[in-house]
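Engineer: The following block contains a protein sequence and its predicted model.
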Amino acid sequence: MKVLFIGGTGYISTACTELAVARGYDVTLLNRSNRAPIAGAKTIKADISNAAAAAKAIAGQRWDSVVDFVAYTPVDIESRLSLLRGKAGQYIFISSASAYQKPLTDYLITESTPLANPMWDYSRNKIACEDRLMRAYREEAFPMTVIRPSLTYGDHIIPLAINSWLKSYTAIDRMRKGQPLIIPGDGLTLWTITHNSDFAKGLVGLLGHPGSIGHAFHITSDEALTWNQIYQMTAEAAGVAEPKFIHIASDFLAACVPSMTGTLLGDKSQTAVFDNAKIRRFVPDFLATTRYRDGIARTIAWFDGDSARRALDAEAVQLWDKLIGAYDRGLEAAVKEFAPKRSAP
């Protein structure tokens, strides 16, 4: 099977590339990355955002399945439609589980859960992409499949609700120094975190699957944990016996830092429990086997293996300290305001 991954070297896509190669697929990556090539995969170096250059790079070629990890807006989708008509037996669009209705009306998310997220433009753009692809499927039989990952991590990512995404060791450094980490809300919201090796099983199982055309799937773990459990397991894996956590309402955080509105109010402060019956029906051997406790231990071991990996985000640290300071001052003022008043003798 000939497969093209647009992207293919990110923290999700790398695991998919490696598994597809391991299963004997003819894998090509289309990207502009200067990262080391993935063993067994060919590379076409081109900027997918440059339509003319991308068309020239893939001229005369056709793939059984094309997986697009880097389309985010309807404009991107229009470009892909123009580029890939007649060149792909299947086009897989990587959407997002954050596109599901917020707030939920039922705790269990299935693929038929409505798509509506008024709090995050990232999610709304993904929904618009899905809508355009569905129209292409209906009007011209464009062979699309949609996959909606939830929070997915691997060896290089610490997937906490509030962290520096590009320098995610920052949270571990704070814990190890005895400094507090913020948990949004009361920490009791159930959330699903998926290891990239498990996600890859589902995605690779759908490659070239004719029955998946026109369908949408989410691919997640079946393990639902509270944020308190997730943070505690992360601390244990980091060797921190008594971590300092501070619970701050998501509304407060978003009011102080509006850029957190989407990722918190539109995503991580909402319950996220997924029914994976559909992906198992289409890919019978799909099973998420990496427990968070085990996966995060492997991730932290990777960071600990080389000091060069342990970069810190000074701006994120400064922001967290400001948020904690503002919360502490507000709490102190509230305690004074509502403390019982002593009457004069």
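Structural biologist: That came through, no problem.
Engineer: contacts and neighbour counts: CA atoms only from here.
Structural biologist: Will do.
Engineer: Can you list phi and psi of residue 290 for me?
Structural biologist: Reported as degrees, to the nearest 10, the phi and psi values for residue 290 are phi -90, psi 110.
Engineer: can you pull the pLDDT of it?
Structural biologist: pLDDT, residue 290: 98.
Engineer: neighbours around the nearest residue to it once chain neighbours are set aside, how many?
Structural biologist: Leaving aside its chain neighbours, residue 290 sits nearest to residue 195 (6.4 Å; criterion: C-alpha to C-alpha, 6 or more residues apart in numbering). By other C-alpha atoms under 10 Å, 25 other residues sit near residue 195.
Engineer: and residue 195, what is it in contact with?
Structural biologist: By C-alpha atoms under 8 Å, 6 or more residues apart in numbering, the contact set of residue 195 is 152-154, 221, 290, 292, 295.
Engineer: gap between the nearest residue to residue 110 once chain neighbours are set aside and residue 219?
Structural biologist: Nearest non-adjacent residue to residue 110, counting by C-alpha to C-alpha, 6+ apart: residue 275, 5.4 Å away. Distance, residue 275 to residue 219, using C-alpha to C-alpha, to the nearest Å: 9 Å.
Engineer: Counting neighbours, which bits of stretch 172-184 end up buried?
Structural biologist: Buried residues in stretch 172-184, defined by neighbour count with 16 or more other C-alpha atoms under 10 Å: 172, 174-176, 180-184.
Engineer: Show only the entries of the residues you listed found in strands.
Structural biologist: Those of the buried residues of stretch 172-184 mapping onto strands are 181-184, per DSSP state E.
Engineer: Nearest to residue 126 among those?
Structural biologist: residue 184 (24.6 Å; C-alpha to C-alpha).
Engineer: Now do stretch 21-31: everything it contacts.
Structural biologist: So stretch 21-31 is contacted by 1-8, 17, 20, 40-48 (C-alpha under 8 Å, 6+ apart).
Engineer: now the strands for the stretch 1-150 of the chain?
Structural biologist: Assigned by DSSP state E, counting those that start in this stretch, the strands in the stretch 1-150 of the chain fall at 2-6, 26-31, 42-45, 65-68, 91-94, 108-109, 144-149.
Engineer: Next: the stretch 201-345 of the chain.
Structural biologist: 216-219, 224-226, 245-248, 273-274.
Engineer: closest one to residue 284 among these?
Structural biologist: Among the strands of the stretch 201-345 of the chain, strand 216-219 comes nearest to residue 284, with 12.9 Å by C-alpha to C-alpha.
Engineer: Sheet-wise, list the partners of the closest one with their directions.
Structural biologist: Here strand 216-219 has these sheet partners by DSSP bridges: strand 144-149 (parallel).
Engineer: can I get the strands of the stretch 1-150 of the chain in TSV with mean pLDDT, distance to residue 101 and mean neighbour count?
Structural biologist: TSV is the format used below for these (pLDDT from 0 to 100; distance: least, C-alpha to C-alpha, whole Å; neighbours: other C-alpha atoms under 10 Å):
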stretch	mean pLDDT	distance to residue 101	mean neighbour count
strand 2-6	96	28	23
strand 26-31	94	32	21
strand 42-45	92	37	16
strand 65-68	98	23	25
strand 91-94	98	18	26
strand 108-109	98	9	16
strand 144-149	98	13	23
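Engineer: Quick one: the ones you listed as CSV, columns for distance to residue 322 too.
Structural biologist: Shown next, in CSV, are the strands of the stretch 1-150 of the chain (distance: least, C-alpha to C-alpha, whole Å):
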stretch, distance to residue 322
strand 2-6, 39
strand 26-31, 39
strand 42-45, 43
strand 65-68, 38
strand 91-94, 35
strand 108-109, 35
strand 144-149, 32
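Engineer: out of those strands, nearest to residue 326?
Structural biologist: That would be strand 144-149 among the strands of the stretch 1-150 of the chain, by C-alpha to C-alpha, at 34.1 Å.
Engineer: Against residue 102, how distant is residue 114?
Structural biologist: In terms of C-alpha to C-alpha, residue 114 sits 9 Å off from residue 102.
Engineer: can you list residues touching both of the two?
Structural biologist: With C-alpha under 8 Å, 6+ apart, residue 114 and residue 102 have no common neighbours.
Engineer: Can you name the residues that contact the nearest residue to residue 216 once chain neighbours are set aside?
Structural biologist: In space, and not counting its chain neighbours, residue 216 is closest to residue 146: 4.4 Å by C-alpha to C-alpha, 6+ apart. Residue 146 is in contact with 92-95, 130, 214-217, counting by C-alpha under 8 Å, 6+ apart.
Engineer: between the residues you listed, which is closest to residue 257?
Structural biologist: Nearest member of the contacts of residue 146 to residue 257, counting by C-alpha to C-alpha, is residue 95, at 25.5 Å.
Engineer: Relative to residue 213, how far out is the residue nearest to residue 40 when sequence neighbours are not counted?
Structural biologist: Spatial nearest neighbour of residue 40, excluding adjacent residues (C-alpha to C-alpha, 6+ apart): residue 21 at 6.0 Å. To residue 213, residue 21 is 23 Å away according to C-alpha to C-alpha.
Engineer: do the same with residue 90
Structural biologist: Distance of residue 90 to residue 213, given as C-alpha to C-alpha: 7 Å.
Engineer: Can you pull out the low-pLDDT segments for the stretch 201-345 of the chain?
Structural biologist: 341-345 (pLDDT under 70).
Engineer: Please, where are all the helices along it?
Structural biologist: 227-237, 250-256, 260, 277-282, 292-304, 314-338 (DSSP state H, counting those that start in this stretch).
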